[in-house]
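**Q** give me a model of this one.
(3 chains)
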Amino acid sequence: MKKIIENLGYKFILYEVEYQRKNLTFVTVDKENTVQLLAYLRDYEGFKHFVLMTAVDWIEDGLFQITYILNNPKKKIDLAIRTKILREKAKMTTAHHLWNQVATYQRELKEMFGIDFPGSPRVNESFILEGWDNIPPMRRDFDTKKYAEETYFPRLGRGTNDPSEYMKQKLYPNE
Amino acid sequence: MSSIKDILTPFTAWKNVFKEPVTVKYPLTERPGAPRYRGFHKNDVQTCIGCGTCESICENEAIDMVAVAGFEAKDGDSGLRPKVDYGRCCWCALCVDVCTTGSLCLSNEYTWVDTDPDNFRFIPGVDEKSWDKNELGWKKPEGDYEFYGLKRVEMGELEPDERNHSFIEMIKGYSKQQAEKEADRCVECGICTATCPAHMGIPEYIKAIRNNDLEEGLRILYDTNPLPEICGRICTHKCESVCSVGHRGEPLSIRWLKRYIADQNPSEKYRAILETENLQKNGKKVAIIGAGASGLSAAHYLVKMGYEIEIFEKLSEAGGMMRYGIPEYRLPYDQIDKDINYILSLGVKIHYNVNVGKDITLKKMSEDFDAVFAGTGLHLGRSTCVEGTDHKHVYQSIELLRKITGGEEIHVAEKIVVIGGGNVAMDIARSLARLQKIKYGKVQVITTSLETEEKMPADREEVIEAREEMATVNPGWSPQRIEIVDGKIKGLHVVQCLSLFDETGKFNPQCNLDNKNFFEGDMIVESIGQGMDLSYITEDIKDHLEMGPRGRIRVNDNFQTSVPWLFMGGDTIQGPDVIHGIANGHKAALGIDKFLIEK
Amino acid sequence: MSKQHWLNIGYDRSKYPETGGDGNLIVDKESQKFVKVWQGPNHPGVTGNMSVELTISGDEIVEAKTHVGYLHRGFEKLFERRKFIQVFPTCIRMCVAEPDYNEYNLAASIEELGGIEVPEVAQWLRTLVLEMARLQTLLRVVPGQGGTTGLGIGVQWGVYLRDLILDRFEELTGGRVYHMYIIPGGVRGLLPAGFKKRMLDNLSKIDEFVQNIDNVMYSNAVFKKRTVGIGYIDPAWVNSFGIVGPNARAAGFKRDVRKDYPYLKYPELDFDPYTATESDIYTRSRVRWHDLQITVDLIRQILDKMPDDGQIRAETPNVLHWKIPKGETYVRAESSRGEYGFYVVSDGTEYPRRINLRGPSYTHAVSLLEHLLIGANIADVANIMVSLQTCPPEIER
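**A** A predicted model of the protein is given here:
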């Protein structure tokens, strides 16, 4: 694993390298290099199996993290590639030409996070949420509870007490 | 690819024609759920304390804590009980596994038909259900399966043979890692807050420890308690007696955690952390008699509100009973100074060695100040008045403790008998044991009390530690007389004490006169409680004071006496302990503020 | 994607639409040569609530689009609002058929990030429960393949036997379908008294079933006619489509997470994943039939080797405010459908930052199915879907 990372270091700029387990390593790279790196890993390093791709919303930093996890079935190791992109008008280079299922992932990310992948097939078609008219729901600023309260009507008759507050009310209301 | 075999072998299925069917016949006979089945909720409402941890762990928000007729809020019980909404419940039983008392469980019943949807919101154990008697069903797994630690993080203390010859503080205090681990055990129910006389935000400051935000922790402490270093060491910690974690395990070490916060914040940063660098004055003046817990507490809150405060203290140093009554090994003087110096740094003036009533009259104070708060405490020892107590080697514990603190030489005999079963008795016994160890190299202190071992008012750990230090604790005896031969004390005659109170609850000890005992000793120390000295209140004022039971002065909820400018609090009103004094002082401060604003 | 397809050989496909410059078929919907048919979203066989929008020419499919969203409950979003322990009863619902793999992945990822060592007996019990989950799924899926071709008898046998396994689940875990047993830190109970015997009795019934289903289904001329040579997955697609589990093993790839990335007690168990090369519906089903036997054998081994007593859960921080150290990980397990993984990101708080599920159906039922169906006969659609063993909740989560 270390050797692969070392080799990669000669060809790409790797920012953070975290050895999570002996068969799983996370590396962070530039947005511009990401897809090239994926192609390189697939074609030269044997990372033929595309495990998953997803995004993480770091709203406090104004960034989306896109994670690609690749697997080398021969050496039985995983390499996770992370890249950070701006949250505002989020856009990422498409990788649909490398693995067939990537287009689906990218379609989902467009819908759930609002990350655009220009050139990815059917990327603008809705995947899960037909007729969604709110902000992409997996963004952290989408408040599920607020949405549920506004969209659906609650069944009345519920009410709870905080034990500490209730005891204050009952036992020492004036203190 | 298909052969004749592939046409024929499927017909082997026909052999099933001759087999018994495996389907269940209609109508369905009863099929009980497995012994571990997660069916409908049951709650033993008598055991339940309404802590609400079931509600906080429920990921579906299916549980509400509701008031139930017949259950009142009281110490250690919120009076609330969980109500489950089966429109939301998913029967994961996390509520059962986290339950602090073990009252909640699931039965193995799983069928319930009803036409009214509202019935599916019910209070288990209160609303009667057919499965209430089912023995089977999900219970918290046995063994090492706990959602939070049941065992306390052990507090480091000096070993008995390290501490029995010195007055060095014996409790070492938590390290960061220990404190965070202990704080982690808290389930944040908040049941303790009501029991704490000062109603401290206990779960909140414990959370601050977990978040390693000790400055926030200090701010929470000072909201309700301006003497955290002191309280963090010697508080009677009534909170711990109701801690919900204590029902199945050991309660949180709330007191040590408080001490941890105070210990970790350096005194020079207090004013910055507590945002008291720029206090605005409001031009009014309040006098405070006595620099004990209640007086200091009142001074702290009043000075923060802008009042000018002058404290009149009879002794040469501030702290009252905290300094003069509690031995140094439990509460080192520099820690008392840390708390007091912060309060003084806020602009509180203090006059030492001023005897109110002699050096300055109460009347004069009432003229010079807008209000007066008296927290004079209990500094007079009480005597058993048995035969022989007038001997010169019969002492009052409270006087001895004061002298030890003051650095005075005291008489330490080779064999000492202490009468009393409270914390003060333990304090003097353990102090004397140390002095004996230093002077004679061995300990011969016997402590006896009317109360039996189980009913002794002293904290359990005090008794244990006293024994570790080789003092003898032999409770359940009533003193009869002190034997004196040739002017020298030989010992104390006692008889077995059967009960302390009669049916009406009046103090009326009953003894078995046939069961006698004799404790040898050449010095006797009485430690059976203290009285108050109100001689500074002159007759003209006293005439206007309304009195309450047991010779105490009556005060209202604001700790205001019937003489409007005079407020009282602390041990003379409630207690005796530090935390009540602090709470009284805080409430009196609010009362004085209200009184002076309205005036 | 290209017109060259497994059905091309031996058929006259002159009326088939041309391939355009972008590699896709030119489907001129105005030409009135094409009809749109929806397969689903009601439960087509045992594939769950999803639908495939088919464009057909005659009875041959020229375009297929997978539509999901009928089961979307936004689990991954809901996790953001839940403490780690509260994720535990929620995450299992991402796969109804085999909830235990969710429990395991969640627990394993939390334990990895939180540095928790799981006690010995808990690891054995976890292994047992995961194999029982595979067993009860295969008891539906193996005969289920016959169900889509009209062979119902195997399904009835399977349902009965699966119910027996659910009884075992009930007595071990307290639940029949959602077991909520593999809790972060360990498991929630030891084996009840008499469990081993009852389990072994059930397994001997399953041995009989294995033989019977071989006679009735795999040696059935009709079944063979409908499955052999149909739905061929080119081995080259295994990597390019991310095919895993039995679908990959039927195409000659010996890929099994239990062997390749050993977890729990699998290194101590003796088994050899079955592979074949024909890669059609029949073979895929046959691989599952072998998997079923391997699982039965594994359960016997587990019951034989596991200790009877011990600590069931490691000491963990207070679950009410369990902060998982900042970090990321990806853990996987072999479900009956193949690699099933959780990608977990913790930001150091009591709440997960992101928990993402990698389910095998995500690739099998969307990109692969859309590709595989082109050129297929409309009557084979359900058959092909079942042979991929798709499960929509893990697509939309």
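
**Q** use CA for all of it now, contacts and neighbours both
**A** Will do.

**Q** what residue in the stretch 51-200 of chain C comes nearest to chain B?
**A** Per C-alpha to the nearest C-alpha, C:G174 is where the stretch 51-200 of chain C lies closest to chain B, at 3.9 Å.

**Q** I figured that residue hits B:A34, correct?
**A** Yes. Contact criterion C-alpha atoms under 8 Å: C:G174 and B:A34 qualify, at 6.9 Å.

**Q** more crowded one of the two?
**A** Using other C-alpha atoms under 10 Å in any protein chain shown as the criterion, C:G174 and B:A34 rank with C:G174 on top: 29 against 24.

**Q** could I get the pLDDT score of C:R93?
**A** Reported pLDDT at C:R93 in the predicted model: 88.

**Q** my read: it touches C:E103, true?
**A** No. Here C:R93 does not reach C:E103: they are 9.8 Å apart, not a contact under C-alpha under 8 Å.

**Q** which of these two has more neighbours?
**A** C:E103 (26 against 20).

**Q** list the contacts for the more buried one?
**A** C:F88, C:C91, C:I92, C:M180, C:Y181, C:I182, C:I183 (C-alpha atoms under 8 Å, 6 or more residues apart in numbering or on different chains).

**Q** which bits of the stretch 151-300 of chain C sit near chain B?
**A** Residues of the stretch 151-300 of chain C that fall close to chain B, judged by C-alpha under 8 Å from any C-alpha of the partner chain: C:160, C:170-175, C:180, C:188-189, C:212, C:215-217, C:219-221, C:224-225.

**Q** filter the residues you listed down to the ones near chain A?
**A** Within those, nothing lies near chain A by C-alpha under 8 Å from any C-alpha.

**Q** out of these, list just those in helices.
**A** Among those, DSSP state H puts C:Y160, C:E170, C:E171, C:L172, C:T173, C:N212, C:A221, C:K224, C:K225 in helices.

**Q** where's B:E180, which helix or strand?
**A** Assessed by DSSP states H and E, B:E180 sits inside helix B:176-184.

**Q** what is the rounded mean pLDDT of that helix?
**A** 90.

**Q** ditto for stretch C:42-54
**A** So the average pLDDT for stretch C:42-54 ends up being 75.

**Q** whichever residue of chain C sits closest to chain A: what secondary structure?
**A** Residue nearest to chain A within chain C (C-alpha to the nearest C-alpha): C:G69, separated by 4.2 Å. The three-state label given to C:G69 by DSSP: H, G, I helix; E, B strand; the rest coil is coil.

**Q** surely it is in contact with A:I128?
**A** Yes. Contact criterion C-alpha under 8 Å: C:G69 and A:I128 qualify, at 4.2 Å.

**Q** residue contacts, B:Y145?
**A** Contacts for B:Y145 were tallied using C-alpha under 8 Å, 6+ apart; they are C:R188, C:Q311, C:I312, C:R313, C:A314, C:E315.

**Q** distance-wise, check it relative to C:Y232.
**A** 50 Å (C-alpha to C-alpha, to the nearest Å).

**Q** what do you get for C:I299?
**A** Distance from C:I299 to C:Y232, by C-alpha to C-alpha: 32 Å.

**Q** returning to what we had before: can I get the contacts of C:E103 in TSV with distance to C:K254, secondary structure and neighbour count?
**A** Formatted as TSV, the contacts of C:E103 follow (distance: C-alpha to C-alpha, whole Å; DSSP: H, G, I helix; E, B strand; the rest coil; neighbours: other C-alpha atoms under 10 Å in any protein chain shown):
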residue	distance to C:K254	secondary structure	neighbour count
C:F88	32	helix	25
C:C91	29	helix	24
C:I92	28	helix	23
C:M180	31	coil	26
C:Y181	30	coil	25
C:I182	28	strand	29
C:I183	31	strand	19
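
**Q** what's the closest of those to A:N124?
**A** C:C91 (28.4 Å; C-alpha to C-alpha).

**Q** so who does the closest one touch?
**A** Contact partners of C:C91, counting by C-alpha under 8 Å, 6+ apart, are C:F75, C:N102, C:E103, C:L106.

**Q** can you tell me which of those are in helices?
**A** Those of the contacts of C:C91 lying in helices (DSSP H): C:F75, C:N102, C:E103, C:L106.

**Q** how about the helices of the stretch 101-250 of chain C, start to end?
**A** For the stretch 101-250 of chain C, the helices defined by DSSP state H, counting those that start in this stretch cover C:120-147, C:153-173, C:195-213, C:221-227, C:235-240, C:245-249.

**Q** quick check: mean pLDDT of the helix ranked longest in chain B?
**A** For chain B, the helix with the greatest residue count under DSSP H is helix B:578-598. What helix B:578-598 shows for mean pLDDT is 89.
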